[in-house]
Structures are given as C-alpha cells and as structure tokens.
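> Would you be able to build a 3D model of this:
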Amino acid sequence: MLMIDETPPPTDSSEERTDLADLVRDRTAELGISVRALAAACIDAKEPEAGPLWTRSTLGNLLAGERVKPPRIPELRALAAGLRVPLHRVQDAAAAQFFGMDSVYSRDRKVRATVPGFNDLSPEDQRKVLELVERFQRG
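Below is the predicted model:
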C-alpha cells in the first residue's frame with residue numbers, strides 16, 4: 001500500500017527567502033520613494049477603479065520579514081506598476097520568496113520555466129534544465 005506523507009516539511013527560518021522584499025527595498029531606494037508613496041502607486045492597470053492594492057503596513061511587514069499572504073495576480077501587477085518594473089520581475093521574486101521557485105529563461109527570454117530549488121542544483125543539473133528550456137523554445 002502506498003502511503004503519502006502530507007505533513008509539510010519543517011521550515012528553517014534561516015532558509016526563508018526574501019526575493020520580493022529585496023526587490024521592493026532596492027527599487028524604492030533606486031526610485032527615491034517612501035513605502036507610503038509606493039503603496040499609493042500600486043494600482044493594477046487592469047482594474048484601476050479598485051485603487052491601490054498594497055497598504056503601507058503590508059509593504060512594511062514584507063520589508064520587515066513579517067509573515068504576509070502571497071500576493072495574487074492583480075496585486076503583483078499593481079506592485080510591478082508601483083515599482084516601475086516588468087511584471088515578470090515581480091512574479092519571479094514572489095515565486096522565489098513564497099514558494100522557493102526559481103525562474104529559468106531561454107536565451108531569448110521568450111520561454112520561462114519555474115523550477116523548485118534551481119539555484120541549489122549542481123552546475124551540471126542546472127545545465128540540463130537550461131537545455132530543456134532551450135529545446136522547448138525551439139519546439
């Protein structure tokens with residue numbers, strides 16, 4: 001009989017990633033804006049009538065390493081707008097921070113694969129994944 005262990009693996013806080021928080025911290029510094037100004041600018045262009053989708057307190061908690069809920073697509077679009085970066089940068093950072101997923105791109109950046117723990121793979125295994133992405137891109 002096959003048994004499936006549904007107990008989540010223990011999480012070691014030293015392994016928690018901060019990719020999205022780092023992106024927010026770096027971009028606010030580069031843009032010279034406050035967290036309050038960023039929150040006000042986080043408006044999803046597809047649903048502007050909803051207003052800002054990030055609060056100053058949620059962004060502050062993210063930056064402080066406090067627990068926040070993983071953002072949904074509209075929130076990611078809004079954060080990308082506020083940070084003035086392409087959506088894929090925010091998606092990649094969120095996937096890494098909240099799910100431990102690393103994005104891998106084809107050379108022409110037309111194909112993206114999200115791979116759990118890609119950065120922890122050996123250089124040979126990373127090369128194999130990159131070859132698969134390139135092969136997929138060629139069709």
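
> So which residues of this protein form strands?
Assigned by DSSP state E, the strands in the chain fall at 101-105, 112-116.

> Out of these, which one sits most buried?
Most buried of these, by mean neighbour count (mean count of other Cβ atoms under 10 Å): strand 101-105, with a mean of 18. (Glycine included, C-beta is placed from N, CA and C.)

> Not counting its own residues, what contacts that strand?
Applying Cβ atoms under 8 Å, 6 or more residues apart in numbering, the contact partners of strand 101-105 are 88, 91-92, 95-96, 111-119, 129-130, 133.

> can you give me the angle it makes with strand 112-116?
Here the directions of strand 101-105 and strand 112-116 differ by 150 degrees (axes from the mean of the first three to the mean of the last three Cα atoms, to 10 degrees).

> Strand 101-105 pairs with which strands, and in what direction?
The sheet places strand 101-105 alongside strand 112-116 (antiparallel), with pairing taken from DSSP bridges.

> Alpha carbons only: can I get the partner strand in CSV?
Written as CSV, here are the backbone C-alpha positions of strand 112-116 (Å, rounded to 0.1, in the frame of the first residue of the first chain):
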residue,chain,number,x,y,z
ARG,A,112,10.3,30.8,-18.8
ALA,A,113,10.3,27.7,-16.5
THR,A,114,9.8,27.9,-12.8
VAL,A,115,11.9,25.2,-11.1
PRO,A,116,11.9,24.4,-7.4
